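Engineer: pasted the sequence and its predicted model underneath.
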Amino acid sequence: MITNRQTFLELAKIANARGTLNETLLRVYLMNMTRAYRREQAAIAVAARERLFEN
C-alpha cells in the first residue's frame, strides 16, 4: 500500500501532541513525506506521458 504524504503529517502532529516528536523522528517523517511527494509527481508524469502517446 502506498502511503499518502498527509499521513506522515498527521503522524507528526500526533507525536508532537504526545511529546514524543524528537529531531530524529521529525527527520524521518519529513523524508517519508518527500518520498511520497516524489511518488505522486512521478505518477502524474507517467500519466501525462501515457496520454501523450495514446493519441
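Structural biologist: Received it, and whenever you're ready, just let me know what you need.
Engineer: which parts of the protein are helices?
Structural biologist: Here the chain has its helices, by DSSP state H, at 5-18, 23-54.
Engineer: what packs against the shortest one?
Structural biologist: Based on contacts counted as 3 or more C-beta pairs under 8 Å, 6 or more residues apart in numbering; DSSP states H and E, the elements that helix 5-18 packs against are helix 23-54. To be clear about C-beta, it is placed using only N, CA and C from the backbone, and glycine gets the same treatment.
Engineer: and the angle for the helix it packs on with helix 5-18?
Structural biologist: Between the axes of helix 23-54 and helix 5-18, defined by axes from the mean of the first three to the mean of the last three C-alpha atoms, to 10 degrees, the angle is 170 degrees.
Engineer: let's have the chain start at 463 instead
Structural biologist: All right, first residue 463 from here; so that's helix 485-516.
Engineer: hang on, the earlier thing: tell me the most buried of the helices of the chain?
Structural biologist: With neighbours taken as mean count of other C-beta atoms under 10 Å, those reach their highest mean count in helix 467-480, at a mean of 13.
Engineer: gap between that one and the chain center?
Structural biologist: Mean C-alpha position of helix 467-480 versus that of the full chain (C-alpha atoms, centre = their mean, to the nearest Å) differs by 12 Å.
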